[in-house]
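J.: give me a 3D structure for the following:
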Amino acid sequence: MPPSEQDLYTAQARSLHGTGRVDVSGRAGLPVGAPGELGGSGHGYDPEQLYAAALATCLHQAVVIAAGETGVDPAGSEVTARVRLSTGGGQHYAFTATADVALPSADDAQRERVIAQALRICPISDQLDPPPA
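T.: Take a look at the predicted model:
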C-alpha cells in the first residue's frame, strides 16, 4: 500500500454452512437463503440482494458527498440498484448491476457532474453496467 493511503474502515462477513445466516462485523446474523426462483425457500437475503444493497448504499453515500462538494442539495436523493443473475448453462453464473440515481434538486448538468464524481468516489461502482447517466 502506498504511504499516502490509510485504512479507514474494515468490515467482515462470515457465512457458515447450515446456519442460514451471514454474520456481519460482529453484529447479529442476517438471514440468508436461495431465492424461490432458484429452488430455495425464499427466506432470508440472497447474495444478489445483499450486493444490490451494498451497491445502492455505497453509491448513495458517494452521491451525498459529491453533491456537497459541488454545492447541490442532496435532499430527496435516491439510488436504486438492481442485480440480475444469469447463467451460461451448467454452473456458470454471471450478474449485471445497474443503478438509477434521483437527485431532484439538481438540473441535468449538475446531476451529471454529481454522478460522475460519485462514480469516482464509490469503490464498487465499477461493477455497474452501464454506469448511471
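
J.: am I right that residue 86 is in a strand?
T.: Yes - per DSSP: H, G, I helix; E, B strand; the rest coil, residue 86 lies within a strand segment.

J.: where exactly do the helices run in this protein?
T.: Counting by DSSP state H, the segments of the chain that form helices are 47-70, 108-121.

J.: could you pull out the buried residues of the shortest one?
T.: What it means is helix 108-121. 110, 111, 113, 114, 115, 117, 118, 119, 121 (16 or more other C-beta atoms under 10 Å). (Each C-beta comes from the backbone N, C-alpha and C, glycine too.)

J.: got the contact list for the fourth one?
T.: In other words, residue 114. Residue 114 sits next to 63, 66, 67, 70, 72, 103, 106 when contact means C-beta atoms under 8 Å, 6 or more residues apart in numbering.

J.: got the contact list for the closest residue to the first one other than its chain neighbours?
T.: With C-beta to C-beta, 6 or more residues apart in numbering as the criterion, residue 63 has its nearest non-adjacent residue at 4.5 Å, and that residue is residue 118. Contacts here follow C-beta under 8 Å, 6+ apart; on that basis residue 118 touches 59, 62, 63, 65, 66, 101, 125.
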